[in-house]
Each structure stands twice: as C-alpha cells, then as structure tokens.
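**Student:** 3D model of this:
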Amino acid sequence: MAQPLHDMTAVELAHGIVAQDFSCVEVVSSHLDRIDEMNGSINAIVSMRSRSEIVADAAIADSMEPIGPLHGLPVAIKDLDDVAGLPTRSGSLVTSDEPASQDGYIAAQFRRAGAIIVGKTNTPEFGIGSQTFNRVFGATRNPWNLSRTAGGSSGGAAAAIAAHMVPLSDGSDLGGSLRNPAALCGIVGLRPSIGRVAEPDAVALHPRLGVHGPMGRTVADTALCLSALAGPHAFDPLSLPESGDEFGGPLPVATSARLAWAGDLGLFTCERDVLSICEEAARRIELVGGTFTRAQPDLQDAMSTFRVLRGVDLNRLGRTFSMESFLQLKDTMRENIEYGRSLSVDDILDADARRADLHRTMASFFDAYDVLALPAAQVTPFPIEIEYPTEIEGVVMDDYLDWMSTACIITPTGCPAISIPAGFTDDGLPVGLQLVARVGCDRELLEIASAIESASPHRKAPQPVA
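**Tutor:** Numbering: from 1, shown residues only. Model (predicted):
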C-alpha cells in the first residue's frame, strides 16, 4: 500500500505538489481524514473551518501555479493569534467567541506562503504555562500516551503534528513554549532569534522575551515552516532584515561543529533518564564529523533575570483585564501577574543589566563552541491531571517555573534554541534535546540540528499509539 499522504513530511508534500505527484485537494483531504480519526481523543485542534471551505481552498490552490514554499499544505494556528472567521479564545473564559474579522500576522504569513489554514490549536490560558489545558476547550493529550500531557504552551500544535493531523504549525515561546511541547511530543520546535519572525503588533519593545516560531516533525520541515514566517516588517523595529528564503534550501547531514554538552548546567534538577538520553543524542555530533566536549557557560543569573523580565510582560498583560476578568483567570496566572505588579524600577533595571551580561557571556562562549546542548525539558510527559511537576528525582520544585528552568534559562540570552527528538524512555515516552546557537545564527543552528538528526536511529520512529 502506498504511504498515506498525511504520513509524508512537509518537504515531501511540498515537492510532490510541485511535481504534480498528487493534488492539494488530496493532501488536504488526507489530513482532514486524519483529524477526524485522531482529534477526538487528543483534543489538539480546538476550532476548525468547515471541510467544504478547506477543500475549496485546496481546489483553488490546484488551479494556480505555486505561490510560495507551503503551497497547498494544511497548517493550524495557535489559538493566541487571529484567523479570519474563527474565534480567538486564547484558552480563556474572559475572551469572546465572536469570529475574528481578519487574519493576524502569523496567519497572513502562512497564507502568503500558500498554506491552507484548517483551524486553531489548543493552548493554556493566554499561553501561560507548559501544560496545555483550559476551561474553554479542556486538556490536550499526548499522542504517545493519552494519559500524559502534551506540554505547552504550544501543546495543541505539537500534538497535532506528532499525530500527523497537520505537517506544520506555528507556536510561540517565552519560557519554552516551542521547545517544551516539542520535546514531550517527539517533534521539532525552534525558538528563533528575537526579530527573526517579526512582531508588527507588539505593544512594547521591552522586555521582548517572547517570539513566534515554527514546529514540524523534522528539522527540514521546521526550516521550511520558518521560511514562510521569517522576514522583516516595517512596523517592528527589532525585526531582522533577512528574508525567509535562506531557510528553504536543503540542510546538511554532516558538520564540523563544536558541541558543548552542558547537562543540567549545575542549575536545575532533571530526570535521570532524560539526562542520559539527551547526552547520548548530543554525542551523535561525533558520528557526523563534529566534536563533543563537556563545557558550561556561567548562566547562574539567567533564571532570576528571566523571572523579573517575564514578570514585566505579565504585568503588562494584567493591565488589560478588568477586575472581574482578572478574578476569572486561573490561579497560577493571577499569581504570576501579581508578582509582576510587585516589581520595582530597580528590580527591572538590575535584570536588564544582568541580561546584557548574559549576552556577553554567551557571545564569548560561542567563540569556542558552535552549539550548546542540554535537555529541552527536565521531565518526560507527566499525567494529564497534574498542572505542573512539584518534584523531580525527589527534589521539591520551588514554584510553577522551577521545572521549566532548562528552557527559561536560555530565553534571556536571546539565543536561538531548538528541540529535536533525542529518543524514547523504556516506556515509550519521547525525550527532546535542546541545541542553542549564537544570536542571529538560526540557519547555522538548523544545519547542526539536521546533521545530528541524520545520525539518529529514531528518524523513522513509530507513529504515536493514539
């Protein structure tokens, strides 16, 4: 039997459509059938356009010359961004169920690249938290084990891709929301350099920790997705000048990169299985021509810096709510907003100074190494009923953020970071390896990740059990 279209990679689908091996209608229909089969048990896609509208868009795409790198490919948009005709609930009871009148920036970028939007992916309330559940749509389950979380906050996107419901999706990442769910669902998630994907609707330039980025089942798919999302925008003064074209070409299967294995950085607790699987995956750099060294940059101030600057972001978000709406938010979100409100000017200025020091630290570190490697998540997928782990390996987590330190610590450095599949635990749960590169070196990071991926025995991993 021929391979089902929904099992093909995004790169294979894009090439096949251009070569007229199959039609856009066939590609979209295969994925819609897969959604019908899988989404009821996973709850990854929470708002959908009608099948007739989607197929009609695909038929139009078939009647045209390809207009972009994602021509005819089905995608879903994280439910923090507008899609014309669909509500933007952001996982919250305080939002409206009225459909958006026009596309937001991410949806518009996907459409310009020729993609066909099928719906919206689930997220925790306003994207706060690395467990995807909310009181509007419920929880998203992990396709590898339906009793476990898909992570977050881009958990709906990660689960939809892992279950082959869509080949690509977007996500956003402030404290790991592209990397954490990618690790827990066994896919690829890239947090690009700040400004690589423009933020024309950003309400402030400071502290600008959050980014939008691509997700896919392979590094090449993720790079293809970035080619559609990346590029400058006149309304975003921090947007980088390069177009997305540089991310669309072939990626290598060999590299001379110098990899530094940081382990737990001496700063956080990690499940033993996760740490050993990630180290084994990092060592694959030697199989493709690179070098492996144990080395750690000094990031001891990174977590405190992240906490303060994230607090500024959440304070700003909190100011948009009335008191009535504020009281309807989940407890952990209210607590984080209150922390942001408690910060003084001196707290924020001190954090800014530490952030500048972190940039200099990483710039010096990358004079000696090309990529830093560490786990993308400190734990394997945990039970769906738990909001967040309160202990790891017998060590009590201080709070809501402690279990995500491996991702949060990287955020204030500004460096691009990617989670790639590292392997599986004995009970079949995915583990993700995080790779970090110098600010602005997103293409180089993707090339190194692709080379390591090429040496992985898990490239042809079995499909999720769901």
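**Student:** Pretty sure Gly114 sits against Leu73.
**Tutor:** Yes - at 7.4 Å, Gly114 and Leu73 qualify as touching, with contact defined as CB atoms under 8 Å. C-beta: built from backbone N, CA, C; applies to glycine.
**Student:** And those two? Which one has more around it.
**Tutor:** Between Gly114 and Leu73, Leu73 has the larger neighbour count (other CB atoms under 10 Å), namely 29 against 21.
**Student:** Just give the nearest non-adjacent residue to the more buried one, would you?
**Tutor:** In this structure, Leu73 finds its nearest non-sequential neighbour in Ala115, 5.2 Å apart by CB to CB, 6 or more residues apart in numbering.
**Student:** I'd say the one you found and Ala76 touch.
**Tutor:** No - applying CB under 8 Å, one finds Ala115 not in contact with Ala76, separated by 9.9 Å.
**Student:** Do you know the pLDDT at the one residue sitting closest to the centre of the chain?
**Tutor:** Geometric centre of the chain, nearest residue: Leu178, 1.8 Å, by CA atoms, centre = their mean. pLDDT recorded at Leu178 is 98.
**Student:** Repeat that for Val203.
**Tutor:** For Val203, the model assigns a pLDDT of 84.
**Student:** show me what contacts it?
**Tutor:** Shown in contact with Val203 (CB atoms under 8 Å, 6 or more residues apart in numbering): Arg316.
**Student:** What mean pLDDT does stretch 137-156 get?
**Tutor:** pLDDT averaged over stretch 137-156 gives 98.
**Student:** ok, and for it, which residues are buried?
**Tutor:** 137, 139-145, 148-156 (16 or more other CB atoms under 10 Å).
**Student:** So which of those residues are in strands?
**Tutor:** 141-142, 145, 148-149 (DSSP state E).
**Student:** want to throw the residues you listed into CSV with distance to Asp427?
**Tutor:** Formatted as CSV, those follow (distance: CB to CB, whole Å):
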residue, distance to Asp427
Arg141, 16
Asn142, 12
Asn145, 8
Arg148, 10
Thr149, 15
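**Student:** which of those residues sit farthest apart?
**Tutor:** Greatest spatial distance among these (CB to CB): Asn145 and Thr149, at 9.5 Å.
**Student:** list the residues that contact both of the two?
**Tutor:** Common neighbours of Asn145 and Thr149 are listed as Pro381 (criterion: CB under 8 Å, 6+ apart).
**Student:** Would you mind measuring from the closest residue to Leu299 other than its chain neighbours to Gly266?
**Tutor:** Distance criterion CB to CB, 6+ apart; nearest residue to Leu299, sequence neighbours excluded, is Ile409 at 5.4 Å. From Ile409 over to Gly266 the distance is 11 Å, taken as CB to CB, to the nearest Å.
**Student:** neighbour-wise, which of these two wins?
**Tutor:** Neighbour count, other CB under 10 Å: between Ile409 and Gly266, Ile409 has more, with 25 against 10.
**Student:** How much space separates Arg111 from Gly171?
**Tutor:** Taking CB to CB, one finds Arg111 at 18 Å from Gly171.
**Student:** Between those two, which is the more surrounded one?
**Tutor:** Higher neighbour count among Arg111 and Gly171: Gly171, with 34 against 20, using other CB under 10 Å.
**Student:** Surely that one touches Lys78?
**Tutor:** Yes - counting by CB under 8 Å, Gly171 does reach Lys78; the two are 5.6 Å apart.
**Student:** what is in contact with these two at once?
**Tutor:** Residues touching both Gly171 and Lys78 (CB under 8 Å, 6+ apart): 154, 157.
**Student:** Gly189: what secondary structure?
**Tutor:** strand (DSSP: H, G, I helix; E, B strand; the rest coil).
**Student:** Show the secondary-structure elements that the longest helix seen in the chain is packed against.
**Tutor:** Ranked by residue count, the top helix of the chain under DSSP state H comes out as helix 345-368. In this structure, helix 345-368 packs against strand 258-261, helix 302-318, with contacts taken as 3 or more CB pairs under 8 Å, 6 or more residues apart in numbering; DSSP states H and E.
**Student:** which element follows the shortest one toward the C-terminus?
**Tutor:** It stands for strand 258-261. In the C-terminal direction, the helix or strand that comes right after strand 258-261 (DSSP states H and E) is helix 272-282.
**Student:** Just the mean pLDDT for that next one, thanks.
**Tutor:** Helix 272-282 comes out with an average pLDDT of 98.
**Student:** and if you look at stretch 288-307?
**Tutor:** For stretch 288-307, the per-residue pLDDT averages 98.
**Student:** Just the terminal-to-terminal distance for it.
**Tutor:** Distance across stretch 288-307, first residue to last, is 37 Å (CA to CA, to the nearest Å).
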